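Visitor: 3D model of this:
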Amino acid sequence: MIFRLACMVFAAPLVLVAAEEPPSIIRFANPAMDQLSGTPGALTADRIVWNSPILEKPTPFWLKSVLEVTLPTTQPDFNATHEATLTLTNGDHVRGQIGAVTDDTISLDTWYAGRLNFRRVMVKEVVIDARPTLVFNGPTGLDGWTQSAKTATWTYDNGALRTTANLGIGRELELPDECSIGFDVAWRGGLMLNFNFFADDVSTDSPTQGYQISCQGSYASIRRQNAGMQFGDVANIPEFKENEKVRLEVRASRKSGNICLFINSRCAALWKDPGVAKGKLGKCIQFVPRGKEAIRISRIRVAAWDGSLEEVPDEDAAMLGMGMGLRRLQMGNGNAELKPESKPKPTEDGRMKLRNGDSIGGEVTSIIDGVITIKTPFAEVKLPVARVRNIILKPAALEEPIRRNGDVRVWFADDSSLVFCLDAMTPDTLTGHSQLFGNATFKLAAFNRIEFNIYDPQVCDLRAKEDL
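Guide: Here you go, the predicted model:
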């Protein structure tokens with residue numbers, strides 16, 4: 001593999017060849033975004049030491065010249081009944097298990113940093129999900145992926161699959177009968193992509209079994225491969241026109257035939273396969289570009305799904321789609337029939353939603369060992385945290401953390417991110433501080449990327465370019 005290196009110790013660009021690629025990569029904030037594989041060493045306020053077999057000795061680089069460091073990640077198995085997502089006032093999201101909630105603090109228990117105590121005034125929202133069984137989280141390379149062309153047209157780089165060809169790449173997975181498949185897709189020009197799932201064969205771009213969601217222009221449609229025809233309505237997806245990168249998630253059930261499409265966490269479409277009981281389905285996923293523009297697939301996460309329809313497409317957005325999608329959906333013309341218990345029930349402000357669609361009003365008095373105690377006007381109620389969809393926080397004047405020199409943004413393997421001021425690095429840990437949570441030591445294995453110079457406009461422009 002060839003690396004171009006631009007650093008403080010060389011006056012001119014240099015091409016170096018590594019015999020074997022180490023697991024981490026440092027990327028530089030120069031126009032070419034040069035990179036060098038290796039492993040991180042010591043860290044000071046302004047420099048990082050990099051170890052690489054193609055360097056004579058550990059070499060320091062100015063942090064002001066570093067775009068990011070990518071790292072291999074490992075996530076251990078651990079028992080948890082729920083997964084809480086905190087949305088912070090700076091736009092970051094962080095996940096763990098709710099440990100406690102007070103007027104001043106929301107405590108999150110994590111495997112990578114122990115208990116983190118976030119200031120209430122810097123937390124916008126707390127959402128709770130049942131912790132799913134994770135099937136796949138990646139990519140981490142091309143191993144295990146099958147390309148439909150005899151000559152490889154897809155490459156792997158910096159945690160992403162990339163191509164400029166209209167040929168597919170896929171992978172066989174043990175997809176549960178009800179599963180969630182999420183991924184980031186970035187493109188240039190217009191998005192033209194077929195996503196196949198529950199497919200039986202990834203050696204061809206047209207498997208005989210499974211489903212295919214076709215994204216083109218500002219629309220998305222679905223069909224079952226062996227049926228040879230589209231079912232349901234075409235969904236209007238304005239995000240495809242407004243952006244060149246989205247987070248796409250498919251929640252699919254081969255039991256009920258319900259298939260939900262989420263774009264940037266928005267429920268954009270809900271389809272129902274009327275012939276799901278007759279169809280034969282496989283265990284593969286596959287990405288098939290339909291144009292020859294550059295496309296990038298990253299942060300693929302496949303997990304079990306409980307099959308519950310907690311959200312439906314917004315009525316106004318659906319009406320913009322071809323065929324007046326929601327109206328047909330409600331009439332039962334090939335789309336999912338919304339049962340009363342599937343629709344989220346309207347709730348008053350200050351009421352917490354439960355996973356079964358009910359709601360409860362009251363004050364959270366404690367959270368101990370995964371059990372939440374709620375003081376209601378009638379009685380004290382105890383519930384497993386996993387049965388609660390959100391926690392109503394006491395109103396507060398929200399604040400954003402101060403931006404500091406030395407702030408970095410770390411990305412976790414579960415797609416969440418966190419900003420803090422980096423104080424020290426060891427081969428196994430990062431130590432940092434923030435107004436968000438105070439001081440903490442993190443396991444380095446939790447991160448797949450560390451971004452530097454996150455407030456520098458020129459570096460941010462380079463990072464946006466790197467998205468594809």
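
Visitor: tell me the contacts of residue 393?
Guide: Listed by C-beta atoms under 8 Å, 6 or more residues apart in numbering, the contact set of residue 393 reads 101, 106, 120, 123, 125, 126. Every C-beta, even on glycine, is put in place using the N, C-alpha and C of the backbone.

Visitor: Give me the distance between it and residue 206.
Guide: Distance from residue 393 to residue 206, counting by C-beta to C-beta, to the nearest Å: 50 Å.

Visitor: repeat for residue 77
Guide: For residue 77, the distance to residue 206 - C-beta to C-beta - is 37 Å.

Visitor: in the chain, which ranges drop under the pLDDT threshold?
Guide: Judged against pLDDT under 70, the low-scoring parts of the chain cover residues 1-22, 227-229, 279, 310-312, 314-350, 466-468.

Visitor: residue nearest the centroid of it?
Guide: residue 415 (4.0 Å; C-alpha atoms, centre = their mean).

Visitor: Could you report the separation of that residue from residue 161?
Guide: To residue 161, residue 415 is 16 Å away according to C-beta to C-beta.

Visitor: burial measure for residue 281, as a count.
Guide: For residue 281, the neighbour count with other C-beta atoms under 10 Å is 20.

Visitor: And for residue 457?
Guide: By other C-beta under 10 Å, neighbour count at residue 457 equals 8.

Visitor: likewise the one 5 residues further on?
Guide: Taking other C-beta under 10 Å as the neighbour definition, residue 462 ends up with a count of 20.

Visitor: name the element it belongs to?
Guide: Using DSSP states H and E, residue 462 falls within helix 457-466.

Visitor: which parts of stretch 374-392 are buried?
Guide: Judged by neighbour count (16 or more other C-beta atoms under 10 Å), stretch 374-392 contains these buried residues: 374, 383, 385, 386, 388, 389, 390, 391, 392.

Visitor: I'd say the third one and residue 82 touch.
Guide: It stands for residue 385. Yes - with contacts counted by C-beta atoms under 8 Å, residue 385 reaches residue 82, the gap being 5.0 Å.

Visitor: okay, and the common contacts of the two?
Guide: With C-beta under 8 Å, 6+ apart as the test, residue 385 and residue 82 both reach 97, 98, 128, 370.

Visitor: and the residues you listed, which two are the farthest apart?
Guide: Pairwise distances across the shared contacts of residue 385 and residue 82 peak at 10.9 Å for 128 and 370 (criterion: C-beta to C-beta).

Visitor: Who has more neighbours out of the two?
Guide: Between residue 128 and residue 370, counted using other C-beta under 10 Å, the more crowded position is residue 128 (23 against 17).

Visitor: mind listing what that one touches?
Guide: Contact partners of residue 128, counting by C-beta under 8 Å, 6+ apart, are 82, 83, 84, 85, 98, 385, 386, 388, 389, 390, 391.

Visitor: nearest to residue 147, of those residues?
Guide: Of all the contacts of residue 128, residue 83 has the smallest distance to residue 147: 33.5 Å, by C-beta to C-beta.

Visitor: Any idea what that closest one is bridged to?
Guide: residue 129 (DSSP bridges).

Visitor: Quickly note the distance from it to residue 129.
Guide: 5 Å.

Visitor: Tell me which stretches of the stretch 251-400 of the chain form strands.
Guide: Applying DSSP state E, counting those that start in this stretch to the stretch 251-400 of the chain gives strands spanning 258-263, 266-272, 284-289, 295-304, 351-353, 359-361, 363-368, 371-375, 380-384.

Visitor: want to throw the shared contacts of residue 385 and residue 82 into a markdown table with distance to residue 262?
Guide: Below are these laid out as a markdown table (distance: C-beta to C-beta, whole Å):
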| residue | distance to residue 262 |
| --- | --- |
| 97 | 23 |
| 98 | 23 |
| 128 | 18 |
| 370 | 27 |
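
Visitor: hang on, the earlier thing: among the buried residues of stretch 374-392, which pair sits farthest apart?
Guide: Pairwise over the buried residues of stretch 374-392, using C-beta to C-beta, the maximum falls at 386 and 392, 17.1 Å.

Visitor: List phi and psi for residue 420.
Guide: Phi and psi for residue 420, reported as degrees, to the nearest 10, are phi -160, psi 170.

Visitor: ok, now how distant is residue 361 from residue 448?
Guide: Taking C-beta to C-beta, one finds residue 361 at 40 Å from residue 448.

Visitor: Just want to know which of those two has more residues nearby.
Guide: Per other C-beta under 10 Å, whichever of residue 361 and residue 448 has more neighbours is residue 448, with 22 against 15.

Visitor: returning to what we had before: can I get the contacts of residue 128 in CSV with distance to residue 407?
Guide: Putting these into CSV (distance: C-beta to C-beta, whole Å) gives the following:
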residue, distance to residue 407
82, 30
83, 26
84, 24
85, 22
98, 26
385, 31
386, 34
388, 33
389, 32
390, 29
391, 28
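
Visitor: Closest to residue 193 out of these?
Guide: Closest to residue 193, out of all of these and judged by C-beta to C-beta, is residue 85, at 26.9 Å.

Visitor: Let me know the helix or strand that the closest one is in.
Guide: strand 82-88.

Visitor: what's the answer for residue 207, then?
Guide: Residue 207 belongs to no helix or strand when elements are defined using DSSP H and E.

Visitor: what residues are up against it?
Guide: Counting by C-beta under 8 Å, 6+ apart, residue 207 makes contact with 196, 199, 200, 201, 225, 282, 284, 286.

Visitor: so what's the last one closest to, chain neighbours aside?
Guide: Counting by C-beta to C-beta, 6 or more residues apart in numbering, residue 286 lies nearest to residue 170, which is 3.2 Å off, once chain neighbours are set aside.

Visitor: Where does that neighbour sit, in terms of helix or strand?
Guide: Using DSSP H and E, residue 170 falls in strand 169-172.

Visitor: Please name every helix or strand in contact with that strand.
Guide: Contact partners of strand 169-172 among helices and strands, from 3 or more C-beta pairs under 8 Å, 6 or more residues apart in numbering; DSSP states H and E: strand 146-147, strand 284-289.

Visitor: Run a quick neighbour tally on the nearest residue to residue 434 once chain neighbours are set aside.
Guide: Nearest residue to residue 434 in three dimensions, chain neighbours excluded: residue 420, at 3.8 Å (C-beta to C-beta, 6+ apart). By other C-beta under 10 Å, the residues close to residue 420 number 25.

Visitor: swap in the one 5 residues further on?
Guide: Counted with other C-beta under 10 Å, residues neighbouring residue 425 total 20.

Visitor: which ones are touching the nearest residue in space to it that is not next to it in sequence?
Guide: Distances taken as C-beta to C-beta, 6+ apart place residue 43 nearest to residue 425, at 3.9 Å, with adjacent residues excluded. Residue 43 sits next to 49, 422, 424, 425 when contact means C-beta under 8 Å, 6+ apart.
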